[in-house]
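A.B. asks: structure, please.
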Amino acid sequence: VPDPEGCHKMYADHHTTEYFKVIDMFVSAKMEKFSMREEYKKGNFNPYIKKLLEHIEELKDIQNKYRREKLQESWSPWTPICGNCGKIITSKVLGFEKGKVHYKCEDYQFEKTIAKGCGYEGENDPLKGNGKLLWKSEWSTQWCRWNVCSEGAGKEYQVPGSAFWINGEIVEKILKFPMPVPIFYEHLTINGEKMSASLGNVVYPNQWLEVAPPELLRLLYLKDPMRVRDFRWEFAPNMMDEMDDLGKIYYGIKKIQNKRDATTMKRLFELIQVDKIPRKYGQPISYNLFIEIAKILPEKNELEFTIQKLREYGHLKRSSKRIDRAIRERLEFAKSWVGKFVKEKKIEIRIGENEKIMLKKLINVIEEESDSESMQKRIFEIIKNSGTPVSDGFKLIYNIILNSDKGPRLGSYIIERGKEEVIKKLKDVL
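C.D. replies: Modelled structure (predicted):
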């Protein structure tokens with residue numbers, strides 16, 4: 001398939017190049033990258049291909065155990081690339097004899113279209129690398145080639161008869177290599193639906209890096225892989241605050257009573273890191289606060305304006321090149337997030353007498369409290385006793401201070417943002 005942009009030989013080359021530009025930013029180890037096409041052409045898979053073909057009857061027996069219809073006598077694990085038109089999907093295997101695959105290039109029916117075959121008939125030598133193994137053989141050879149001891153796979157591979165277990169049997173019985181230990185994980189959904197490139201319901205790594213650091217994506221994947229995780233772009237700010245909390249726990253700034261939970265959270269913080277963990281706590285400032293600043297940035301001197309605001313709110317006691325760099329990075333993330341996902345329309349605030357009394361009590365609590373957890377509990381009690389439904393009470397407060405229907409935990413957010421700023425917003429609607 002030609003590259004639509006015209007800058008690479010093939011469509012696949014274009015997208016793998018774009019992927020490799022950013023993927024190294026998400027992993028801590030220096031990755032060595034391989035192309036299966038090149039691996040086949042170099043002959044690096046020939047020892048495994050040869051062994052599979054030498055034991056083709058045993059290979060068919062393994063696969064037939066999990067099939068309703070037995071594989072044909074002419075079946076081969078090798079799919080050749082047509083020697084005439086260069087397509088692989090249209091090559092229909094006719095037989096396998098004396099180490100050669102005999103095939104004919106015929107039309108292939110997809111769900112909504114047809115890949116046209118050229119009619120060419122010929123033979124293909126698998127050891128010359130002009131083709132590929134079927135997945136329920138290829139996976140096993142990859143484990144051998146790269147000495148894989150453990151591999152993750154989606155939960156659909158957990159069922160008996162899946163490609164994982166079939167390849168596991170192939171790798172142990174024919175290739176004489178131990179099956180890797182599986183790590184089956186739940187699906188990651190986007191906006192409540194399974195990721196699908198065809199539907200456009202997908203998040204690309206370069207898109208992620210526009211609004212958040214790579215560590216946050218690692219947190220999303222590693223936090224609880226055995227449960228379905230749903231991602232929505234509006235979750236990113238609260239996820240950033242969650243990541244900051246892990247840092248506070250790791251450095252002992254925030255205490256967790258349950259020792260097991262504390263150990264788990266510290267280990268999770270270690271696992272999500274891409275670079276070496278700093279010896280000292282960096283005191284990150286809430287992403288949600290940067291979002292609020294990003295909404296009111298001037299056209300010029302954005303960094304200076306942000307630093308001044310952080311000082312006014314009491315979040316910046318000193319400055320250094322490292323601190324300024326961290327502020328600049330988080331500000332750029334917040335600006336991008338606001339530009340992409342914040343609705344410009346101002347929420348109209350309407351309050352009755354009950355709500356006014358509630359907000360006045362809320363102001364008193366904010367003035368009195370300096371501990372975020374105590375403040376959070378008292379805010380909840382005020383809303384609960386106000387006669388306003390709890391969800392509506394929180395929604396009203398978020399409408400006033402964030403121009404949003406939802407937001408972070410109010411206690412910690414108010415402390416981090418600055419009590420004076422929040423109180424001013426509340427008084428403005430009274």
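A.B. asks: which of the residues in the helix or strand bottoming out on mean pLDDT in the chain are buried?
C.D. replies: The weakest-scoring helix or strand in the chain, judged by mean pLDDT, DSSP states H and E, is helix 410-417 (a mean of 81). Residues of helix 410-417 classed as buried: 410-417 (neighbour count, 16 or more other C-beta atoms under 10 Å). C-beta here means a position set from N, CA and C on the backbone, and glycine is covered the same way.
A.B. asks: any idea how far D107 is from T113?
C.D. replies: 11 Å (C-beta to C-beta, to the nearest Å).
A.B. asks: please read the previous query as pertaining to K176.
C.D. replies: For K176 relative to D107 (C-beta to C-beta), the value is 40 Å.
A.B. asks: between the two, which has more neighbouring residues?
C.D. replies: D107 (13 against 9; other C-beta atoms under 10 Å).
A.B. asks: isn't that one up against A115?
C.D. replies: Yes. D107 lies in contact with A115 (C-beta atoms under 8 Å); the separation is 6.8 Å.
A.B. asks: anything in contact with each of those two?
C.D. replies: By C-beta atoms under 8 Å, 6 or more residues apart in numbering, D107 and A115 have these common neighbours: T90.
A.B. asks: between the buried residues of helix 410-417, which is nearest R325?
C.D. replies: E416 (20.2 Å; C-beta to C-beta).
A.B. asks: can you pull out the helices in the stretch 101-250 of the chain?
C.D. replies: 135-145, 163-173, 205-211, 214-222, 236-250 (DSSP state H, counting those that start in this stretch).
A.B. asks: got it, and the stretch 251-400 of the chain?
C.D. replies: Going by DSSP H, counting those that start in this stretch, the stretch 251-400 of the chain shows helices at 259-272, 287-294, 302-312, 321-341, 353-368, 372-384, 390-402.
A.B. asks: so which elements touch the fourth one?
C.D. replies: Contacts defined by 3 or more C-beta pairs under 8 Å, 6 or more residues apart in numbering; DSSP states H and E place helix 321-341 against helix 205-211, helix 287-294, helix 302-312.
A.B. asks: buried ones in that helix, by neighbour count?
C.D. replies: 323, 327, 330-338.
A.B. asks: that helix: how far from the chain's middle?
C.D. replies: Relative to the chain's own centre, helix 321-341 is displaced by 20 Å; criterion: C-alpha atoms, centre = their mean, to the nearest Å.
A.B. asks: next, the angle from it to helix 287-294.
C.D. replies: Here helix 321-341 runs at an angle of 70 degrees relative to helix 287-294 (axes from the mean of the first three to the mean of the last three C-alpha atoms, to 10 degrees).
A.B. asks: go on, the last one?
C.D. replies: Between helix 390-402 and helix 287-294, the angle comes out at 50 degrees (the same axes, to 10 degrees).
A.B. asks: put the alpha carbons of helix 390-402 into CSV.
C.D. replies: Extracted in CSV, the C-alpha atoms of helix 390-402 (Å, rounded to 0.1, in the frame of the first residue of the first chain):
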residue,chain,number,x,y,z
VAL,A,390,-25.4,16.4,47.5
SER,A,391,-24.6,15.9,43.8
ASP,A,392,-26.3,19.2,43.0
GLY,A,393,-24.4,21.0,45.8
PHE,A,394,-21.0,19.9,44.5
LYS,A,395,-22.0,20.7,41.0
LEU,A,396,-23.0,24.2,42.0
ILE,A,397,-19.6,24.8,43.7
TYR,A,398,-17.7,23.4,40.6
ASN,A,399,-19.9,25.7,38.4
ILE,A,400,-18.8,28.7,40.4
ILE,A,401,-15.1,28.0,40.9
LEU,A,402,-14.2,26.0,37.8
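A.B. asks: quick one: mean pLDDT for that helix?
C.D. replies: In this model, helix 390-402 carries a mean pLDDT of 91.
A.B. asks: chain center to it: distance?
C.D. replies: On C-alpha atoms, centre = their mean, the centre of helix 390-402 falls 30 Å from the chain's centre.
A.B. asks: and if you look at the second one?
C.D. replies: Shown here is helix 287-294, whose average C-alpha point lies 23 Å from the average C-alpha point of the whole chain (C-alpha atoms, centre = their mean).
A.B. asks: and it, what does it pack onto?
C.D. replies: Partner elements for helix 287-294 (3+ C-beta pairs under 8 Å, 6+ apart): helix 236-250, helix 302-312, helix 321-341, helix 410-417.
A.B. asks: ranking those by mean pLDDT, which is last?
C.D. replies: helix 410-417 (a mean of 81).
A.B. asks: next SSE after that helix?
C.D. replies: Next helix or strand after helix 410-417 toward the C-terminus (DSSP states H and E): helix 419-428.
A.B. asks: can you list contacts of stretch 6-23?
C.D. replies: 1-5, 31, 33, 35, 205-206, 209.
A.B. asks: out of the residues you listed, which sit inside strands?
C.D. replies: In strands, defined here by DSSP state E, there are no members of the contacts of stretch 6-23.
A.B. asks: with adjacent residues omitted, what lies nearest to K280?
C.D. replies: Sequence neighbours aside, Y251 is the residue nearest to K280 in space, at 7.8 Å (criterion: C-beta to C-beta, 6 or more residues apart in numbering).
A.B. asks: next, work out how far apart that neighbour and E270 are.
C.D. replies: 12 Å.
A.B. asks: the two: which has the busier surroundings?
C.D. replies: Y251 (17 against 11).
A.B. asks: what's near enough to touch the residue most central in space within the chain?
C.D. replies: Closest residue to the average C-alpha location of the chain: L217 at 4.9 Å, with C-alpha atoms, centre = their mean. Shown in contact with L217 (C-beta under 8 Å, 6+ apart): 26, 205, 208.
A.B. asks: by neighbours, which of these wins?
C.D. replies: Going by other C-beta under 10 Å, W208 tops these with 20 neighbours.
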